[in-house]
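**Student:** Predicted coordinates and the sequence they were generated for:
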Amino acid sequence: MNLRIDIITLFPSLVEGHFQTAIMERSRKRGFLSMKVHNLRSFTLDRYRTVDDYPFGGGPGMVLKPEPVFRAVRFIRGYTGSQGRVVITSAQGKLLKQSLVEDLAHSGHLILVCGRYQGIDERVIDMCDAEEISIGDYVLSGGELPALVIAESVVRCIPGVLGDEESARIDSFQRGILGFPQYTRPREFREKAVPEVLLSGHEARIKEWREQQALEKTRSNRPDLLHVAKGFPE
Ligand SMILES: C[S@@+](CC[C@H](N)C(=O)[O-])C[C@H]1O[C@@H](n2cnc3c(N)ncnc32)[C@H](O)[C@@H]1O
């Protein structure tokens, strides 16, 4: 599986730093991923490189104009020769969940658009055949962090990226519930010992304990998941 991600932003440096993280670098070097950041301002045509304007109907703040976003998407489609799946980061979007992440990972080409100010002119959604995605029920000041959240979660789904496929299998949400708690050395820290079963070397017992802990944690922190997850007692 191979993925291309283009990110359109007013703040390229906010995004580019993240490309140097181990997982992104490794994915690129192994040929699983290519990524490019585009400065939205490069797609303006006026001498002031204007990207925003006042909202029709009044109200506070500014809105990102449709033309630069549309031109940026058209440019990317033109030079890659691919329509791409256009995602506009927005608190008004569909909530990002692991199932959606996996779906995005199979898209082959993602074009992520970072909003700012009061958001992007709504007409861009239809014009670019885009979908809006939210990373949670809270409001951030820009779409750069959401775009990186989307990019990193998607890249983790590409087979071979993690090196150790087992590590993805045991992650939270892979089976619809949370992952199990982890411990490392020292065996005892401030009089708190690591659960004995983990030191037993008994594979079956460890597996059973982890399963039970994952369920307990889900029941306590995210009982909502148990309504949806199949095959787990609520
Ligand atoms: C201040 S927010 C705009 C909020 C917008 N007026 C609203 O009511 O939904 C500016 C930008 O941050 C990004 N953003 C903020 N919260 C987000 C979230 N939860 N998920 C995804 N993107 C978000 C979007 O790109 C948005 O256009």
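**Tutor:** Great, that's in hand.
**Student:** Which single residue in the protein comes nearest to the ligand?
**Tutor:** Across the chain, the shortest distance to the ligand (Cβ to the nearest ligand atom) belongs to residue 115, at 2.1 Å. (Glycine included, C-beta is placed from N, CA and C.)
**Student:** what's the nearest residue to that residue if we skip its chain neighbours?
**Tutor:** Closest residue to residue 115 apart from its sequence neighbours, by Cβ to Cβ, 6 or more residues apart in numbering: residue 143 at 4.3 Å.
**Student:** Let me see the contact set for the one you found.
**Tutor:** Residues near residue 143 by Cβ atoms under 8 Å, 6 or more residues apart in numbering: 9, 88-90, 112-116.
**Student:** Mind doing that once more with 7 Å?
**Tutor:** Shown in contact with residue 143 (Cβ atoms under 7 Å, 6 or more residues apart in numbering): 89, 113-115.
**Student:** Surely residue 148 is in contact with residue 17?
**Tutor:** No - Residue 148 is not in contact with residue 17 according to Cβ atoms under 7 Å; the separation is 9.5 Å.
**Student:** quick one, which of those two is more surrounded?
**Tutor:** Between residue 148 and residue 17, residue 148 has the larger neighbour count (other Cβ atoms under 10 Å), namely 22 against 10.
**Student:** pLDDT wise, what is the more buried one at?
**Tutor:** In this model, residue 148 is scored at 98, pLDDT.
**Student:** Chain neighbours aside, what residue packs nearest to it?
**Tutor:** Using Cβ to Cβ, 6+ apart and skipping the chain neighbours, the partner closest in space to residue 148 is residue 18 (5.1 Å).
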